[in-house]
Structures are given as C-alpha cells and as structure tokens.
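Q: Give me a 3D structure for the following:
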Amino acid sequence: MFYRDERLALFIDGSNLYAAAKSLVFDIDYKLLRQEFMRRGKMLRAFYYTALLENDEYSPIRPLVDWLHYNGFTMVTKPAKEYTDSMGRRKVKGNMDIELAVNAMELAPHVDHMVIFSGDGDFRPLVESLQRQGVRVSVVSTIRSQPPMIADELRRQVDNFIELDELRDVIGRPPREPVHTPAAAEEVVD
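A: Numbers count the residues shown, from 1 in each chain. Model (predicted):
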C-alpha cells in the first residue's frame, strides 16, 4: 500500500532485479518503473546498484548505467572482481549489499517509505532497523520463479511484498535477443 503524500526512495539491487525479471522472461523498462513509483508517492531518490568490469573493452551493462544516470537515477557502482571457478568458468563477483544498506540508513530520517528491489535475505536486518525508525518498507521480487527469488525471512519482515510478475504490464517489456559476447555469458555472484 502506498500513500500519495509519502516520501519514497527506491533501492534497486541491479543484478538481483535482472535475475528475477529474467526468470519471469521479461525485461524491465526503467523509464516506466520510475514513472510508476513517482505516481505512487513523492519520490526523493531512485538508487541503482551494480558492479562494473572496469578492464573490459565493452561492458554490456554500460549503456544501461549511462542511460539510468542521465534519466534521474542515482548510480552506485564499484569495480567487479573477476575469477575462474573450479569448473573453469569465468565468474564476476560484485556484491553491493553494504552500499545499499548504508544509503538506506542515511536516508531513513528523510523518507516515509522505502522500496527495495531485491529478494536477498541479507537485507532482513536492514528492513528491521528501518522499521524501528518509522520507515515503511516494501520489497519487489518474485515467488513465481523456480526457485523463488525472495528469501522467506525477508518476505515475512517487510511491510509489503510486491510480486514482480504483477508489475509486468506496468514496467515490463518483452526480452531483447541476447547479445552474444564473452561478457554477456558471465554470471554475477553475490
């Protein structure tokens, strides 16, 4: 539930939201996402968190990061770390949980309602702390994927769970054809 006069802030865990939408077979239209939540309340900030590969000639996420930056999102990035797993697959590690938690705690005195786009159970203590400060917290993720993308303990803690699949008609678009580059085959690991 949203109130039109409440001050909102969005916290988008980029890799988590991407994985949830991909599991539901649609892409997020971030312009529509921003418009939808501006309609629901007085949006103060929309943060987007992602790790970037700095040494790649071309990063498939760079155009999205640039577009978001120029279209009203506050970008929070850091260099990702690359490694090769035991099976010889190239993996990218870029956990942004601490950055998201710190920003949420700093902004808590200035907002009424925070919306976290992530199903990561590590955010449960953050949600609990925000609630003790009087902030209402909603989480956007999905239980309709196999396995569900939201941790049960997080879903139980929040004031409001928003099923991502139910936002499909409002913020979604059909998935684009995959770009076949070595970087596109990477898996981001938290």
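Q: For the chain, which segments count as helices?
A: Along the chain, the stretches classed as helices by DSSP state H are 14-23, 30-40, 62-70, 97-107, 124-132, 152-157, 168-171.
Q: I'd like to know the beta-bridge partner residues of the closest residue to L52 other than its chain neighbours.
A: The shortest distance from L52 to any non-neighbouring residue, by CB to CB, 6 or more residues apart in numbering, is to T77 (5.2 Å). Bear in mind the C-beta positions are built from the backbone N, C-alpha and C, glycine included. Taking DSSP bridges, one obtains T50 as the residues bridged to T77.
Q: now swap in T84 and tell me
A: Counting by DSSP bridges, the residues bridging with T84 are R90.
Q: Tell me, how many residues neighbour it?
A: 9 (other CB atoms under 10 Å).
Q: Over to N71?
A: So N71, with other CB under 10 Å, has 11 neighbours.
Q: List the contacts of it.
A: Y30, K31, R34 (CB atoms under 8 Å, 6 or more residues apart in numbering).
Q: In contact with the first one, which residues?
A: With CB under 8 Å, 6+ apart as the criterion, the residues that contact Y30 are Y48, L64, W67, L68, N71, F73.
Q: Need those in CSV (columns: distance to Q157 and pLDDT).
A: Output for these, formatted as CSV (distance: CB to CB, whole Å; pLDDT from 0 to 100):
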residue, distance to Q157, pLDDT
Y48, 23, 97
L64, 29, 92
W67, 32, 95
L68, 28, 96
N71, 31, 95
F73, 26, 97
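Q: Among the helices of the chain, which comes closest to L52?
A: Nearest to L52, of all the helices of the chain, is helix 62-70, at 6.9 Å by CB to CB.
Q: circling back: touching, the residue nearest to L52 and E54? I think so.
A: No: taking contacts as CB atoms under 8 Å, T77 lies outside contact range of E54: 9.6 Å.
Q: out of those two, which sits in the more crowded spot?
A: Between T77 and E54, counting by other CB under 10 Å, T77 is the more crowded of the two (18 against 11).
Q: What's opposite F117 in the beta bridge?
A: Residues in beta-bridge contact with F117 (DSSP bridges): I12.
Q: ok, it - how many residues close by?
A: So F117, with other CB under 10 Å, has 27 neighbours.
Q: Please determine how far it is located from I171.
A: 10 Å (CB to CB, to the nearest Å).
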